[in-house]
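Student: with the input below, show me the fold.
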Amino acid sequence: MNQQQWLDWLKASLNDGRLDDSERRELQASLVEEGLSDDDRAFLRNQSFKLAQQAIQEGTESLAVLRWLERVVKVLDNTRSAATAEVATSWFSPGRDCAGGIIEQLRQARSKIDICVFTIADDELTKHILAAHERGVQVRVITDNDKINDTGSDIDYLARKGVAVKIDTTPYHMHHKFAVFDGTRLINGSFNWTRSASRYNQEDITLTDDRRFLTAFEQQFDELWQRFPCHQPS
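Tutor: Numbers count the residues shown, from 1 in each chain. Prediction:
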């Protein structure tokens, strides 16, 4: 589509009074496929604000318009080409490469670390999580209750040290293995944060700063953080 066709699409979605998840995915897929340039992105962003302003002036309910605008802006931000990502690295186990990659990000973090993993049972990883917490980085951990009482689990220890921990207490499993550092870098993959994963398992993780992935994983973390209860260590 050209700029006018994209603009017509935005007008139609605003007139519908919504931009639901399916429409967002449709728009984002179309923009990515077309290889949206920075100039195109700036044009659509500016036109979106103009459309929103016009709609409010014409009497459309302000909150609905602002929600629409927020969703459009997120789509535009998410369409930045993966080629612009400066960080794109993968590690594999057995071996300490995966754990080493995680530790390096824990060391570099300056403001916030969000960790969402099935379990934590690796003293080196735990040491660096706690070190980040103690130097003033906001650390949040989401994990599952299935392994929390296993020998070697470090979840209770981290919670007792003041790290914010929430637990999936449902009969099912919170089986993610990802972490977001400073809102700018994502680690994700099959690697469990355990000693046995480093020693024996065929695992992988990937580090990226691609905004499209960061937005999705940050949203997932926030949703789970709101859903699960705080952990009270035994």
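
Student: quick one, longest helix in the chain?
Tutor: Longest helix in the chain, counting residues (DSSP state H): helix 38-57.

Student: and the helix or strand following that helix, what does it pack against?
Tutor: Following helix 38-57 in sequence order, the next helix or strand is helix 62-78 (DSSP states H and E). Packing contacts for helix 62-78, counted by 3 or more CB pairs under 8 Å, 6 or more residues apart in numbering; DSSP states H and E, involve helix 3-16, helix 21-34, helix 38-57, helix 211-227. C-betas here are computed from N, CA, C, even on glycine.

Student: got these as a markdown table, with distance to Arg110 and mean pLDDT columns?
Tutor: Formatted as a markdown table, those follow (distance: least, CB to CB, whole Å; pLDDT from 0 to 100):
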| stretch | distance to Arg110 | mean pLDDT |
| --- | --- | --- |
| helix 3-16 | 37 | 82 |
| helix 21-34 | 30 | 70 |
| helix 38-57 | 28 | 87 |
| helix 211-227 | 16 | 92 |
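
Student: thought Phe43 was touching Asn2?
Tutor: No: the criterion here is CB atoms under 8 Å, and Phe43 misses it with Asn2 at 10.7 Å.

Student: comparing those two, which shows the higher neighbour count?
Tutor: Neighbour totals were compared for Phe43 and Asn2, and Phe43 leads with 15 against 9 (other CB atoms under 10 Å).

Student: for that one, give me its contacts.
Tutor: By CB atoms under 8 Å, 6 or more residues apart in numbering, the contact set of Phe43 is Gln3.

Student: try it again at 10 Å.
Tutor: 3, 6-7, 36-37 (CB atoms under 10 Å, 6 or more residues apart in numbering).

Student: of the helices and strands packed on helix 62-78, which is nearest Asp122?
Tutor: Closest approach to Asp122 among those (CB to CB): helix 211-227, 20.6 Å.
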